[in-house]
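> Fold the stuff below for me.
(one chain, ligands or ions: 1)
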Amino acid sequence: MTSHEERFQALIDSEEKIESTDWMPDGYRATLIRQIAQHAHSEVIGMQPEGNWITRAPSLDRKAILMAKVQDEAGHGLYLYSATETLGVTRDEVVELLHQGKHKYSSIFNYPTLSWADMGTIGWLVDGAAITNQVMLTRCSYGPYSRAMVRICKEESFHQRQGYEILLALCRGTDEQKAMAQDSVNRWWWPSLMMFGPHDSASTHSEQSMNWKIKRVSNDDLRQQFVDMTVPQADYLGLTLPDPDLQWNEERGHYDFGSIDWDEFWQVVKGNGPMNRERLSHKIKAWDDGAWVREAAAAHAAKQARKKEVA
Ligand code: 3HC
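Predicted coordinates for the structure are as follows:
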């Protein structure tokens with residue numbers, strides 16, 4: 001081991017954070033750029049499914065809450081792109097990789113939002129799954145990412161609560177409203193479990209990411225944590241999760257649950273999900289339409305810099 005490698009490993013072993021100015025293996029840097037950029041892409045593209053319902057919120061309060069949540073996601077994306085930039089890549093570079101289809105974003109955002117209940121289910125299940133994953137990432141060995149997670153998790157908790165509250169209102173409403181909530185959960189339950197990634201045995205990066213303490217809990221263990229947390233919440237709502245194999249296993253101390261459709265997962269990850277094409281083309285159009293803002297901001301910054309030089 002070189003002295004650099006020894007110092008890096010000593011920092012990892014002693015639970016010290018790796019900072020952007022520290023030496024790090026190229027592979028550590030590369031997988032962090034990949035994961036943090038894809039996390040940022042997910043936050044930004046994740047604005048589309050919910051943005052789709054802002055103009056159709058059932059009340060001014062619901063509209064205000066949903067707008068606040070969607071704006072939060074934009075902020076999470078920008079925060080995470082900033083964390084990516086500490087690793088030596090620019091925001092434009094990773095956004096271009098997304099637009100070229102060379103970077104991924106979370107599979108969950110490739111499903112359509114068909115009813116208002118989906119706003120509740122996304123908050124409850126999707127943000128709930130994101131929190132389960134992100135709380136783990138607050139212990140990530142890379143300092144900027146772990147600190148970004150601390151702030152983001154605080155806002156995610158509001159996201160999850162507002163979603164659950166939407167479903168509580170629907171489940172205590174008319175029969176039609178409760179049926180809308182049940183239909184929504186039927187459509188989003190399994191894609192939410194897929195958010196945690198493939199089984200550990202099929203995970204490309206988990207072993208190395210665990211060794212580098214980027215990942216502290218495996219995909220399957222996080223998924224199990226999420227199921228164990230969520231089933232009692234569904235019971236309280238009076239909703240049935242669409243899995244006939246779901247049942248408490250006293251011996252394991254966890255819920256057993258059915259098999260995930262990994263063909264569906266990989267089809268969606270590969271770009272063949274219900275909304276992949278719309279999501280990416282909308283993202284690219286928004287990026288192109290916003291070029292003038294970026295150019296104006298850059299021109300203003302350059303002018304300010306020249307003024308400082310002259311002064
Ligand atoms: N969607 C799309 N791709 C996925 C995926 C998913 N749900 N799960 C795994 N993959 C991809 C991985 O990116 C990897 O492909 P790549 O090598 O081209 O990047 C491949 O499948 C193999 O998966 P691995 O388990 O080996 O990959 P990771 O070790 O990166 O683990 C992960 C996957 C658990 C998603 C991890 O990347 C992670 O923790 N990412 C950060 C959290 C994140 O991105 N969350 C997305 C949701 S953000 C969100 O929900 C916002 C909320 O506010 C609504």
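
> Show me which residues of the stretch 151-300 of the chain are close to the ligand?
Counting by Cβ under 6 Å from any ligand atom, the stretch 151-300 of the chain comes close to the ligand at 156, 194-198, 203-206, 209, 215, 219, 269. All C-beta atoms are positioned from the backbone trio N, CA, C, and that covers glycine.

> ok, 5 Å please
Residues of the stretch 151-300 of the chain lying close to the ligand by Cβ under 5 Å from any ligand atom are 195, 197, 203-205, 269.

> Now the buried members of these.
195, 197, 203, 205, 269 (16 or more other Cβ atoms under 10 Å).

> Skipping adjacent residues, who's closest to the third one in space?
In space, S203 comes closest to N219 once its chain neighbours are excluded; the distance is 5.7 Å by Cβ to Cβ, 6 or more residues apart in numbering.

> before we move on, what about the first one?
Distances taken as Cβ to Cβ, 6+ apart put A129 closest to M195, at 4.6 Å, once the chain neighbours are dropped.

> Quick one, grab the pLDDT at that neighbour.
What the model reports as pLDDT for A129 is 98.

> what packs against the helix or strand hosting it?
Element membership for A129 (DSSP states H and E) is helix 127-137. Helices and strands touching helix 127-137, as assessed by 3 or more Cβ pairs under 8 Å, 6 or more residues apart in numbering; DSSP states H and E, comprise helix 143-171, helix 175-194, helix 219-237.

> and for the shortest one, what are the contacting residues?
Identification of contacts with helix 219-237 by Cβ atoms under 8 Å, 6 or more residues apart in numbering yields 124-125, 128-129, 132-133, 136, 164, 167-168, 171, 181, 185, 192-193, 196-200, 203, 206, 217, 240-241, 246, 248, 254-255, 257.

> Just the buried ones out of those residues, please.
With burial judged by 16+ other Cβ under 10 Å, the buried subset of those is 124-125, 128-129, 132-133, 136, 164, 167-168, 171, 181, 185, 192-193, 196-198, 203, 206, 217, 241, 246, 255, 257.

> tell me the mean pLDDT for stretch 271-286?
For stretch 271-286, the per-residue pLDDT averages 98.

> Only C-alpha atoms, please: export that stretch in CSV.
Only the C-alpha atoms of stretch 271-286 are listed here, as CSV (Å, rounded to 0.1, in the frame of the first residue of the first chain):
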residue,chain,number,x,y,z
GLY,A,271,-35.4,3.1,-20.5
ASN,A,272,-38.5,1.0,-21.4
GLY,A,273,-40.7,2.1,-18.5
PRO,A,274,-44.1,3.8,-18.9
MET,A,275,-42.8,7.4,-18.8
ASN,A,276,-39.0,7.2,-19.5
ARG,A,277,-39.1,9.0,-22.8
GLU,A,278,-41.4,11.7,-21.6
ARG,A,279,-39.4,12.3,-18.5
LEU,A,280,-36.1,12.6,-20.3
SER,A,281,-37.4,14.7,-23.2
HIS,A,282,-39.2,17.1,-20.8
LYS,A,283,-35.9,17.4,-18.8
ILE,A,284,-33.9,18.2,-21.9
LYS,A,285,-36.4,20.7,-23.1
ALA,A,286,-36.4,22.4,-19.7
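
> tell me which residues in that stretch are buried?
The neighbour-count check on stretch 271-286 (16+ other Cβ under 10 Å) flags 273, 275-276, 279-280, 283 as buried.

> who touches Q134 in this structure?
Q134 is in contact with 149, 152-153, 156, counting by Cβ under 8 Å, 6+ apart.

> what's the burial count for A37?
Counted with other Cβ atoms under 10 Å, residues neighbouring A37 total 26.

> what's the one helix or strand it maps to in contact with?
According to DSSP H and E, A37 maps onto helix 26-45. With Cβ under 8 Å, 6+ apart as the test, helix 26-45 has contacts from 8, 18, 73-74, 76-81, 83-84, 87-89, 94-95, 97-98, 103-106, 109, 142, 145, 205, 208-209, 212, 214, 279-280, 283.
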